[in-house]
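**Student:** attaching a predicted model along with its sequence, questions to come.
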Amino acid sequence: MTTNTTTDLTKSPSAGTSPLIPLPPALARATTVLGSAVALAGTFLAWTWTEEFPGNLTVTGYPGGLQILTLIGSALTLLFALSGYGIRGLGWLTPGGTNSPVLLLALGVLGTTGYAMGAISDELGGLVNLEPGAWVSGIGALIATIGALGLPYDQPYDAADPTPDLWGKIRKFGGKARHALSAPEPGRAKELPAWAEILIIAAGFGAGLYVFAYGIGTEYSELFIGFLIIAGFGFTAVNRAGLLKRLSALTAKHRNVTLAAAFAAAICFPFTQSNDQFALIGANILIFATVALGLNVVVGLAGLLDLGYVAFLGVGAYAAALVSGSPQSTIGVHFPFWAAVLTGAAASLIFGVVIGAPTLRLRGDYLAIVTLGFGEIFRITMNNLNGNSGPDVTNGSNGIPNIPDLEIFGFNLGVPHDVLGTELTRSGNYYLLMLLFTAIVVMVFRRSAESRIGRAWVAIREDETAATAMGINGFRLKLLAFALGASLAGLAGTVQSHVSYSVTPEQYQFAGSVPPNSAFLLAAVILGGMGTISGPLIGAALLYLIPAKLQFMAEYQLLLFGFALMLLMRFRPEGLVADRRKQLEFHETGQLDVPEGTALPDGATGVAKAGA
Amino acid sequence: MTTTITSTVLDATGVTMRFGGLTAVRSVDLTVNSGEIVGLIGPNGAGKTTFFNCLTGLYVPTDGKVTYKGTVLPPKPHLVTQAGIARTFQNIRLFANMTVLENVLVGRHTRTKEGLWSALLRLPSFSKAEAASRERAMELLEFIGLAAKADHLARNLPYGEQRKLEIARALASEPGLLLLDEPTAGMNPQETRATEELVFAIRDKGIAVLVIEHDIRFIMNLCDRVAVLVQGEKIVEGPAEVVQADERVIAAYLGTPFDGAPGSEEAAEVEAAEAHSTTSSEGDDQ
């Protein structure tokens, strides 16, 4: 009895509602605005004295390299912080949370600026190499962060853990920190005319394209790391502010416009890259993403765990290479491209059926193991068809090199072309060709998913016994999913063989350092979000881009990748992009089924009580 | 009933199912006529669900023959459904992460023919068939009273509605015979009443029903004929009242009275002895 009373007395009622740094809200907001303005101003000053640090941060009045990232970040912080004052015309920025995006952005600016200062002093040998500008920005970012930590929470918070020991305090702090970064769902958007909504979608994709192209175009790893920090925090901030929810509501409304806008933005990409190397990254990302989307048919829709999927890419690539007219091809034929594509897809289809017919009688883990085995069998067979251990078909480990460039309707994809005054490089050409294939695969995925066949796949994934009892021929439909997935991968393989000039067995491993391999394909699907279209595309882009840009970390790549996957599975098991179904599956809040717009505004219940 | 000609819908003769040395179902004969509701009862482990699985192709019977409207049923579940027998499961097996409407649409699978090409090319016939399927599925949801929840996930429905949805999903395949495996298990009396109404309504649509149930009152209200399965063998079949009064049925559920069942005298003796022993033990304690 006595102990109960004492704990009740010591528990302060406002303990949970105070922000992490207890400041008056007005002061906190003013501090944030001031800090971000200072950080912004600092980017116009020199950060270091020598051009040895990449990006030339020595010029006063002309920000470059990492300074631009700090500049953009602090400008956004300033905007969102000002939006918190309720300034007219800025309210649209924060339909969801107001203060958590500010905190996230401030942390992002602090992270980028701090990283820049650390990198400068590390590479040039000591803090003395920092010019005042860096200190101004750094301190500005710190002030902004302190101010943002003092801002009130976006959602009322009830501290459920009053235990006064150290562990309890740590947990409480963690809970508060998590809470400071959470935000309420945005309410229903105002109805806008259709053209305005379409314009917003276009602007959204334009911004996305710009950020993506900037990331690919970063020329040194310091800039890319800075980009990752600010992009990660910025993306979360925009999400917390409710802008992504708003945008996805619009995209759900105008689905065809969205697809067209995404496609248009993707077409624009090679024109933003003058460097062939970066366009090549883009083309490889598309190949990886397309194959991942094909795998999504098998894993995401039909629920068949295929660990040897890269073999189908290999079959397509080998088939196309053999008929490409390469002097090292053992079949001395040169098919036109369309025939080569059909050959590649057909070869993969046959291979898929041949492998699928015996293995698809297995379920679950057994299927995974068997497909893993077949994936390896493919690679080893390609190695052994070298004239020594077997008939000479594939030149063994040498593979088929010197695959000639494609020529479609007299348009040679191997040489740069001038299109509308911009130079389209070789990789740019292939990027556009691959984009066409990606579009085909997106269409196939979308249309098959929303049909009788797609529903049957999902039913098989959910409960195969019940599905067969509903009249679904389980084996046949699983084989269909397997074969369709295989031929989609084969399509991508035909282009891949031309992009990379050669095919070798070592390109098609279970796990390797270069992304299109079975483990990374599966990771792209799971990381991005199973059963969605945009999920595997985003997952593949991240999984390709990050290792390609951070080559100095190549040794630790798999370690970091493992950590990233573990964190993701802990905090967002449905993947980066969740379809509604998956979200309901993993986060049972019980209110997700409530139609939009029925939730009462926060004050409503209180008002009702006061009135009664 | 108003149906003038009653034809045999299901005819199972000599169905036997052995798992190694265990004979789960031994030479069971059962017929279901059109417009009829037939009950299948029996103690736990009597082989009722195994018999169902033999009828629906989940198991291939070791011996015996099952015909549906005169044709022998193929031993594959999806072909049985296509032929016109739909079923529900004892432990609900919905597609939990699909919406209510999608669950019913999956049930339409055998009655639609649109293939992958038709879906990929979006032929005019595709959208027509899809629209027709949706309309039919919504009608069924109206019929069982779940139309308002068409967009909810099946897993989020309350238990009773999940049972109803499973019936709707089975009805979507336009069956001539519906097999219900314990449709009222875990339901309260009101829900059981509602299920009774639903089964009558299904019968009135011209669908014969074969139902496994433990709730004897439910069976007695509902069924035109009841068959009793005990240890894999059918011991009685007949109208509900006859079956209810049958000694062998009572024996199967409650056990047989042993020879010279205790009369009132013996009972009184036993009671007296018990009373005596309790008082003496109390005395020992003190």
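**Tutor:** Done, it's in.
**Student:** when you work out contacts or count neighbours from here on, use the C-alpha atoms and nothing else.
**Tutor:** Will do.
**Student:** residue A:94 touches residue A:243, doesn't it?
**Tutor:** Yes: assessed by CA atoms under 8 Å, residue A:94 is found in contact with residue A:243 at 7.1 Å.
**Student:** for the residue of the stretch 351-500 of chain A found nearest chain B, helix, strand, or coil?
**Tutor:** Per CA to the nearest CA, residue A:471 is where the stretch 351-500 of chain A lies closest to chain B, at 3.7 Å. At residue A:471 the chain is in coil, as set by DSSP: H, G, I helix; E, B strand; the rest coil.
**Student:** which ones are touching it?
**Tutor:** B:77-82, B:107, B:109-110, B:173 (CA atoms under 8 Å, 6 or more residues apart in numbering or on different chains).
**Student:** model confidence score at it, please.
**Tutor:** For residue A:471, the pLDDT comes out at 90.
**Student:** what do you get for residue A:532?
**Tutor:** So residue A:532 comes in at 85 (pLDDT).
**Student:** with residue A:9 instead?
**Tutor:** 39.
**Student:** looking at the contacts of residue A:471, which are in helices?
**Tutor:** B:77-82, B:107 (DSSP state H).
**Student:** tell me, which of those residues make contact with chain A?
**Tutor:** Restricting the ones in helices among the contacts of residue A:471 to those touching chain A (CA under 8 Å from any CA of the partner chain) yields B:77-82, B:107.
**Student:** helix, strand, or coil at the residue most central in space within chain A?
**Tutor:** Nearest to the centroid of the C-alpha atoms of chain A, with distances taken as CA atoms, centre = their mean, sits residue A:538, at 3.4 Å. In three-state terms, and counting by three-state DSSP, residue A:538 is helix.
**Student:** not counting sequence-adjacent ones, nearest residue to it?
**Tutor:** residue A:528 (5.9 Å; CA to CA, 6 or more residues apart in numbering or on different chains).
**Student:** do the same with residue A:263
**Tutor:** Closest to residue A:263 by CA to CA, 6+ apart is residue A:439, at 7.7 Å.
**Student:** which strand or helix spans the closest residue to residue A:361 other than its chain neighbours?
**Tutor:** The shortest distance from residue A:361 to any non-neighbouring residue, by CA to CA, 6+ apart, is to residue A:475 (7.0 Å). Assigning secondary structure by DSSP states H and E places residue A:475 in helix A:474-499.
**Student:** I'd like the next helix or strand past that helix.
**Tutor:** With secondary structure assigned by DSSP H and E, helix A:474-499 is succeeded by helix A:518-528.
**Student:** neighbours around the residue of the stretch 151-286 of chain B found nearest chain A, how many?
**Tutor:** Using CA to the nearest CA, the closest approach of the stretch 151-286 of chain B to chain A is made by residue B:152 at 6.4 Å. By other CA atoms under 10 Å in any protein chain shown, 19 other residues sit near residue B:152.
**Student:** one step back: how many neighbouring residues does the residue nearest to residue A:263 have?
**Tutor:** So residue A:439, with other CA under 10 Å, has 14 neighbours.
**Student:** so which helix or strand takes in it?
**Tutor:** Assessed by DSSP H and E, residue A:439 sits inside helix A:426-449.
**Student:** and that helix with helix A:474-499, angle?
**Tutor:** Relative orientation of helix A:426-449 versus helix A:474-499 (axes from the mean of the first three to the mean of the last three CA atoms, to 10 degrees): 170 degrees.
**Student:** got the domain ranges for chain A?
**Tutor:** A:15-185+A:199-247, A:275-586 (automatic domain parsing).
**Student:** so the helix or strand harbouring residue A:357 versus helix A:474-499, what angle?
**Tutor:** Using DSSP H and E, residue A:357 maps to helix A:337-359. With the same axes, to 10 degrees applied, the angle from helix A:337-359 to helix A:474-499 works out at 140 degrees.
**Student:** re earlier: adding distance to residue B:141, write the domains of chain A out as JSON lines.
**Tutor:** What follows is the domains of chain A, written out as JSON lines (distance: least, CA to CA, whole Å):
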{"stretch": "domain A:15-185+A:199-247", "distance to residue B:141": "31"}
{"stretch": "domain A:275-586", "distance to residue B:141": "17"}
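**Student:** give me the distance between the residue lying closest to the residue of the stretch 351-500 of chain A closest to chain B once chain neighbours are set aside and residue B:57.
**Tutor:** In this structure, residue A:471 finds its nearest non-sequential neighbour in residue B:78, 3.7 Å apart by CA to CA, 6+ apart. Taking CA to CA, to the nearest Å as the measure, residue B:78 falls 8 Å from residue B:57.
**Student:** which of the two has more neighbours?
**Tutor:** residue B:78 (26 against 21).
**Student:** tell me if I'm right that residue B:207 and residue B:33 touch.
**Tutor:** No: under the criterion of CA under 8 Å, residue B:207 is not in contact with residue B:33, lying 9.8 Å apart.
**Student:** more neighbours: the two, which one.
**Tutor:** residue B:207 (24 against 20).
**Student:** need the residues of the stretch 1-150 of chain B near chain A, please.
**Tutor:** Going by CA under 8 Å from any CA, the residues of the stretch 1-150 of chain B near chain A are B:56, B:77-82, B:86-87, B:93-98, B:102, B:105-110, B:114-116, B:119-120, B:122, B:130.
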